[in-house]
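Q: can't give you the sequence, but here's the structure:
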């Protein structure tokens, strides 16, 4: 057998013991979501300060209607429930049902985005009209970006668990769990956003 | 009897490219990534240092004769941004954190090795973007703070590139922070308790909490600022009904913790270096831990002390003055703990210790001026003067950069297996310490006498003191030469260090130098007393140490 120099031995994979690596990806994602929440917190703080300190310029229009955003809130809250059902079914090894719930969730998310676009087009103000208009679009737009990403994630997971031997199964359900945590987070942010932007 | 084995290939399968190429590869090994951070950081340090040299050259005369005033603004902005975001933050966090934290927690690698590599590889493009903006469109001119309305009225293209670059670096920082938190909290070797971790782990945990909580706010703020520049919204534009003070609040909500992001890891590194070279346990481990966490909490609620001249209401001034004064308490505890660690120790006065002691002296001076600056009646007079410049250079250079050099001297044998030349190292320290104090101590006087910062031209009465300061800067520039020579020569032909030249007890030394890919052959050692020095050396057999039996010998 050829003898190895210490450097070569150090690089030799066979010398090293096989160890199990526990999965900390959900912990990492949760930490990331804390960071993400801080971005929103910064936006909210800016909005509330603007509201407290900066009066609207004369002639500025800033009116929000409630029906559409209320519908949006319901859409997202229901989608959180449907996503939860998808996860429950995956763990029961019922990938057919899981996929149905996932698709339903994605449709709800897309419906939210469509409804948001409708609201954008019917609002009496544009991005640069005044400070509140800008903040409104920045906040809802940044949240909408999150919903878009979340919907894409759901569709990817939906694709990944199309077969029982696929990438997402009852044993390997990290992608679904990650997308689910992210989706609940986005919903939670929306509830805060709804209260701050529309109700206060 | 002879055992015949199947013919094996002469070269063992390797996990990554060997030789210098591995440092340019997309490696996921935490040690390679740590060194990538270090080399990348030093490259930008020399760029930032050249920019500082240009600034000091300009300031040797009261008129703008070395470069036009708008170029001076760009140089100043680039200097600040490069030194903070591309040198100190990546090196004290990324470089030493990646190299040491997995060792300290007894892990083979970071929790998310791939994310770790992504975090590093965001930095070079961001840095190149920032530097090249100078040659393409002219770099940003509004300082590293990018305060509107200045950042809205200076040329937009440079400012946008600056924002993009800082966003990339912020993303890198956040990914790194997530990785450190997960590694320290989740990847600890079984049996290793939190309160048994080396102090650098605590420092990095605190730093990473700050990174995760505050950096996203900066990212959001810069996105709003870019909207103001590109889409002409009015978030921070008073002409359109916006509010510039909101930008300052959001900016300093990140950028005050950023000071701790730069200096807390340095605290941790010094706490590792001093006990080893003093052969004494770290004094007051528990108080050190609580001090770090107190600094993390307080560091998040002191930001408005940067804004005492921004029309802050009296209650806000009162609150932030008191909160800032409180920070001096945990910081002072750490300072006295280091002194007590040195007290009565068998100090070997090598380069690592000299730089650490230099850090302690400089940092306490910077800390004292910091407490002074937190007092509103004083601050409103010296705000935006050279007093502030002197103060924060005492913190970030006298503090963090001195510790970076101390750490290079301390961990060079671990990384290369060779020792650095001590005489050159002490010479390097002498030049740096004298040059640094010659450069920045006079700036206190300049500030107290009313010289504003960030301007290329000044009142001729300040010329002499500025020239003294520039001589100090020249010494600092020269001091890198013996360092560079030392590093290059010692890496090639330095004295062989052996595995544990400092007879240290922390777990990065309980393996070969340089360490193998997965850090230890066999089980990682369990080091429950990382600072257990003082046991007679003949009772510790460091050649035959597997962690668990290390402690049964001496007690």
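A: Now that the structure is in, tell me what you want to look at. None of the values given here were measured: they were computed from a predicted structure.

Q: what about residue A:166, how many neighbours?
A: The number of residues packed near residue A:166 is 13, by other Cβ atoms under 10 Å in any protein chain shown. C-betas here are computed from N, CA, C, even on glycine.

Q: just say helix, strand or coil for it.
A: coil (DSSP: H, G, I helix; E, B strand; the rest coil).

Q: got the contact list for it?
A: A:95, A:160 (Cβ atoms under 8 Å, 6 or more residues apart in numbering or on different chains).

Q: starting from residue A:80, give me the distance back to it.
A: From residue A:166 across to residue A:80, the span is 24 Å (Cβ to Cβ, to the nearest Å).

Q: just the helices in chain A please.
A: Applying DSSP state H to chain A gives helices spanning A:6-11, A:25-53, A:67-91, A:95-122, A:131-160, A:174-194.

Q: burial of residue B:243, as a residue count?
A: By the criterion of other Cβ under 10 Å, residue B:243 has 20 neighbours.

Q: residues contacting it?
A: By Cβ under 8 Å, 6+ apart, the contact list for residue B:243 reads A:49-50, A:53-54, A:131, B:235-236.

Q: got a markdown table for the helices of chain A, with mean pLDDT, mean neighbour count and distance to residue B:131 too?
A: Shown next, in a markdown table, are the helices of chain A (pLDDT from 0 to 100; neighbours: other Cβ atoms under 10 Å in any protein chain shown; distance: least, Cβ to Cβ, whole Å):
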| stretch | mean pLDDT | mean neighbour count | distance to residue B:131 |
| --- | --- | --- | --- |
| helix A:6-11 | 49 | 17 | 35 |
| helix A:25-53 | 94 | 18 | 27 |
| helix A:67-91 | 93 | 18 | 44 |
| helix A:95-122 | 93 | 18 | 39 |
| helix A:131-160 | 94 | 20 | 30 |
| helix A:174-194 | 95 | 20 | 35 |
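
Q: so for residue B:189, which of those helices sits nearest?
A: helix A:25-53 (17.3 Å; Cβ to Cβ).

Q: quick one, that closest one and helix A:174-194 angle?
A: Per axes from the mean of the first three to the mean of the last three Cα atoms, to 10 degrees, the angle that helix A:25-53 makes with helix A:174-194 is 10 degrees.

Q: which neighbouring elements make contact with helix A:25-53?
A: helix A:131-160, helix A:174-194, helix B:156-186, helix B:199-230, helix B:244-278 (3 or more Cβ pairs under 8 Å, 6 or more residues apart in numbering or on different chains; DSSP states H and E).

Q: would you confirm that residue B:33 belongs to a helix?
A: Yes - residue assignment for residue B:33, taken from three-state DSSP, places it within a helix.

Q: now do the contacts for it.
A: Taking Cβ under 8 Å, 6+ apart as the test, what residue B:33 contacts is B:27, B:94, B:98, B:116-117, B:120.

Q: now for the helices and strands packed on helix A:25-53, which one comes closest to residue B:523?
A: Residue B:523 lies closest to helix B:156-186 among the helices and strands packed on helix A:25-53, at 18.5 Å (Cβ to Cβ).

Q: centre of the chain to that closest one, how far?
A: 15 Å (Cα atoms, centre = their mean, to the nearest Å).

Q: check stretch B:445-455 too.
A: 26 Å.

Q: endpoints of it, how far apart?
A: End-to-end distance for stretch B:445-455, by Cα to Cα, to the nearest Å: 17 Å.

Q: neighbouring contacts of it?
A: Among residues not part of stretch B:445-455, those counted as contacts by Cβ under 8 Å, 6+ apart are B:73, B:76, B:143, B:382, B:384-390, B:458-459, B:462, B:465-466, B:469.

Q: which of those are buried, as a ChimeraX select command?
A: Selecting only the buried entries of the contacts of stretch B:445-455 in ChimeraX, with 16 or more other Cβ atoms under 10 Å in any protein chain shown as the criterion:
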select /B:73,76,143,382,385,386,387,388,389,390,458,462,465,466,469
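
Q: contacting residues around stretch B:217-229?
A: Stretch B:217-229 has contacts (Cβ under 8 Å, 6+ apart) with A:38-43, A:46, A:134, A:138, A:142, B:146, B:148, B:151-152, B:156, B:159-160, B:163, B:166-167, B:170-171, B:233-237, B:242, B:247, B:250-251, B:253-255.

Q: 6 Å instead?
A: Under the contact criterion Cβ atoms under 6 Å, 6 or more residues apart in numbering or on different chains, stretch B:217-229 has outside partners A:38-39, A:42-43, B:152, B:156, B:159, B:163, B:167, B:170, B:233, B:235-237, B:250-251, B:253-254.

Q: what do you get for stretch A:50-67?
A: By Cβ under 6 Å, 6+ apart, stretch A:50-67 touches A:124-125, A:130-132, A:198, B:241, B:243.

Q: and if you look at stretch B:74-86?
A: By Cβ under 6 Å, 6+ apart, stretch B:74-86 touches B:44, B:47-48, B:51-52, B:54, B:127, B:134, B:139-141, B:143-144, B:169, B:454.
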